[in-house]
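What would the 3D arrangement of this be:
(2 chains)
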Number of protein chains: 2
Amino acid sequence: MESAITKLVDVFKSYAGKDKLLGKKEFQKLMQTELKNFITNTENNKAVNELKDKIDKNKDGKLTFEEYFCLVTQLATNKYKLQ
Amino acid sequence: MESAITKLVDVFKSYAGKDKLLGKKEFQKLMQTELKNFITNTENNKAVNELKDKIDKNKDGKLTFEEYFCLVTQLATNKYKLQ
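Numbering: from 1, shown residues only, chains lettered A, B, ... in the order given. Model (predicted):
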């Protein structure tokens, strides 16, 4: 469990870069590389961008760790309910 | 990332049992087995129970998946901030 939590932290840090935020390109790359089985349409940049805007609570165009982890929570909840 | 999310779902399911809830004993076992590095004092049942009560939003003495994942979010946020 601890290694799974550490992995989720490390994934954010590896894509977010120095500003500690996930910009448009960074989020697209994360989606296409890390979540191509959990989420369909990750190659469709328009769909990916719409998802990012939905998660981007403070509407600054970038995702903080907290906003990123809301996506993780949603994915885990979906996974739990589908099993 | 997907395997990490799946792991966190599977951990809940393996400890929660048929009623899909984490009771007092189940939560203690999860803490002592899965989180002994992230959280100190997991052998202290009183401390573990106090943590459970804090997470138990609807105060029914048991933890749902959503309440469990709030703990996961808190642990990930702490881990992120400490690194």
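
near chain B, which residues of chain A show up?
A:1-9, A:11-13, A:30, A:34-35, A:37-38, A:65-66, A:69, A:72-73, A:75-77, A:79-80, A:83 (CB under 8 Å from any CB of the partner chain). Using the backbone N, CA and C atoms, a C-beta is placed for each residue, glycine as well.

Narrow those residues to those in helices?
Among those, DSSP state H puts A:2-9, A:11-13, A:30, A:34, A:65-66, A:69, A:72-73, A:75-77, A:79-80 in helices.

Can you select the buried ones from the residues of chain A next to chain B in ChimeraX?
Under the burial definition 16 or more other CB atoms under 10 Å in any protein chain shown, those of these that qualify are selected in ChimeraX by:
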select /A:1,4,5,6,7,8,9,11,12,30,34,35,38,65,69,72,73,75,76,79,80
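
got a list of contacts for the worst-scoring helix or strand of chain A on mean pLDDT?
When the helices and strands of chain A are scored by mean pLDDT, DSSP states H and E, helix A:45-55 comes last with a mean of 90. Residues from elsewhere that reach helix A:45-55 (CB atoms under 8 Å, 6 or more residues apart in numbering or on different chains): A:22, A:24, A:27-28, A:31-32, A:39, A:41-42, A:59, A:63, A:67-68, A:70-71.

A:K20 and A:L63 touch, don't they?
No. Taking CB atoms under 8 Å as the definition, A:K20 is not a contact partner of A:L63, at 10.2 Å.
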